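A.B. asks: Have a look; sequence and predicted model below, questions after that.
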Amino acid sequence: MPAATPLPRGPSVLTLYSAWDLLTAPGCPVCRYAAEVGDRYLGWFALEGHAQPGMIATLGGSLGMCAAHSRRLIGQPGAAIRLTVVYRYVMTAARDRLERGTSAVAACPACEHDNDAAGRALETLLDGLGDTSAAERYRELGGLCIPHLAAASGRAKRRVAAWLRETMHETLAVANPDRLESLSGADHDAEVRAVLRASMPAAGTSEPGACSACMAAMRAERDSLADLAVRLGSGRYDYTQAAPPMCRTHLADASASAAKTGGLRALLTAQAAAATAGSRPGTGAVRWRRGGYLRCPACQAGAEAHDRALAKISRSLRPSVPVPHRMQPLCARHHLVLRATGEPGAMVAARAAAAAADLLASELAAEFEGTTWARRAANHPPELTAWRRAAAFLDGTVFGGSPPARE
């Protein structure tokens, strides 16, 4: 009997020789390539990567993956047992950071992998557009989405950038509803975010297990997007005027709402102009902040609400009144932000958060021990819940600012 094919030692890289490898179907070629690369990476993580010491060390440095990729890990088959093990080690790293306040949190490894793939695809595409037949094929398929058009405008030569803008305007003018929706970029997390926003606790309330700063930011972003949806639905969104550029995430959120109200074409027309503004003479390039455009209205609203909430909590912390383990008002990332200020109250709160992390690590170890074959034979395996609380403790935005759900 032939031996089974061994698992790869790392996520495979999709073949990419020329622009023709990308121009295979309608829709943004960079989105399609990056999505397939991202799916392979998360599949590799589930099969093998989660057990590799190098990956565990990387996740310890980044305190897990970002909220969007964490949600995708949570949705994978077998996530409960797999993440119970992974978060046990990540929680230990979080405890050490909270106790010592060492080094900044590293970037999400899945985001870095996706960004590298998108950059590789974009460079290949731009190099190939010098070929007339490839450029014609690009035009037939409808071209890039708006977020990747913005990235291309910053990298392409002026003549190519101008041609890309013209192609986008042509696509916006004739695109059918399905093609129009894809111009905001592929974002499989948008539906999940919409559900999480709809289930957030009412304003003015707080719940154990929820980070107050994350919840404040998520509420502000939700309200900003809701206001935009109202303006789009009522026709008060003037796309002929300069519009603030939206980040990729919030553009996907706004597009989902606009598709239901009939304002999608107006929104995307304005955003296409805003996204390419930095590539035209006499304009400044758009800057980034916290993963979004500096001027993205939803990002800005969330950042302001986040800063106010964090400042309020900072003022309330007292060195003589440590916060109980189960009542931590912030996630680990925000405790590290406050700990960096050196304020006595923030230092005491960080140590209490470290104790909470240590307790969670112990719960994760106990729950995993209960799933071993020896324990399974003796009794029914326990319901694994600590891994969800661990995800929320590491990053309060994983569940949209809300406490972790049990199912």
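C.D. replies: Great, that's in hand. Computed from a predicted structure; not experimentally measured.
A.B. asks: in the chain, which spans are strands?
C.D. replies: For the chain, the strands defined by DSSP state E occupy 288-289, 292-293.
A.B. asks: least reliable of these going by mean pLDDT?
C.D. replies: Sorting those by mean pLDDT places strand 288-289 lowest, at a mean of 35.
A.B. asks: quick one: the closest residue to Ala135 other than its chain neighbours from Pro29, how far?
C.D. replies: Closest residue in space to Ala135, ignoring its immediate chain neighbours: Leu129 at 5.0 Å, by CB to CB, 6 or more residues apart in numbering. (Glycine included, C-beta is placed from N, CA and C.) Leu129 is 11 Å from Pro29, where distance means CB to CB, to the nearest Å.
A.B. asks: More neighbours: those two, which one.
C.D. replies: Using other CB atoms under 10 Å as the criterion, Leu129 and Pro29 rank with Pro29 on top: 26 against 21.
A.B. asks: where does the stretch 1-150 of the chain have low pLDDT?
C.D. replies: Residue ranges of the stretch 1-150 of the chain with pLDDT under 70: 1-13, 103.
A.B. asks: can I assume Asp358 is in contact with Ala93?
C.D. replies: No. Between Asp358 and Ala93 there is no contact under CB atoms under 8 Å: 11.6 Å.
A.B. asks: And these two? Which one has more around it.
C.D. replies: Ala93 (21 against 18).
A.B. asks: Tell me which residues touch that one, please.
C.D. replies: Contact analysis of Ala93 by CB atoms under 8 Å, 6 or more residues apart in numbering lists 59-61, 63.
A.B. asks: Can you flag which of the residues you listed belong to helices?
C.D. replies: Members of the contacts of Ala93 lying in helices (criterion: DSSP state H): 59-61.
A.B. asks: Most neighbours out of the contacts of Ala93, which is it?
C.D. replies: Leu59 (24 neighbours).
A.B. asks: Apart from its neighbours in sequence, what residue is nearest that one?
C.D. replies: Counting by CB to CB, 6+ apart, the residue nearest Leu59 is Val90, at 5.2 Å.
A.B. asks: give the contact list for that neighbour.
C.D. replies: With contacts taken as CB under 8 Å, 6+ apart, Val90 has the following neighbours: 56, 59-60, 63-64, 390, 394.
A.B. asks: Turn those residues into TSV, columns for distance to Glu136.
C.D. replies: Output for the contacts of Val90, formatted as TSV (distance: CB to CB, whole Å):
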residue	distance to Glu136
Ile56	48
Leu59	45
Gly60	49
Leu63	47
Gly64	45
Ala390	52
Leu394	48
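A.B. asks: So which residue is dead centre in this protein?
C.D. replies: The centroid of the chain falls nearest to Ala68 when counting by CA atoms, centre = their mean (3.9 Å).
A.B. asks: I'd assumed Glu191 was in contact with that one.
C.D. replies: No. Contact criterion CB under 8 Å: Ala68 and Glu191 do not qualify, at 12.0 Å.
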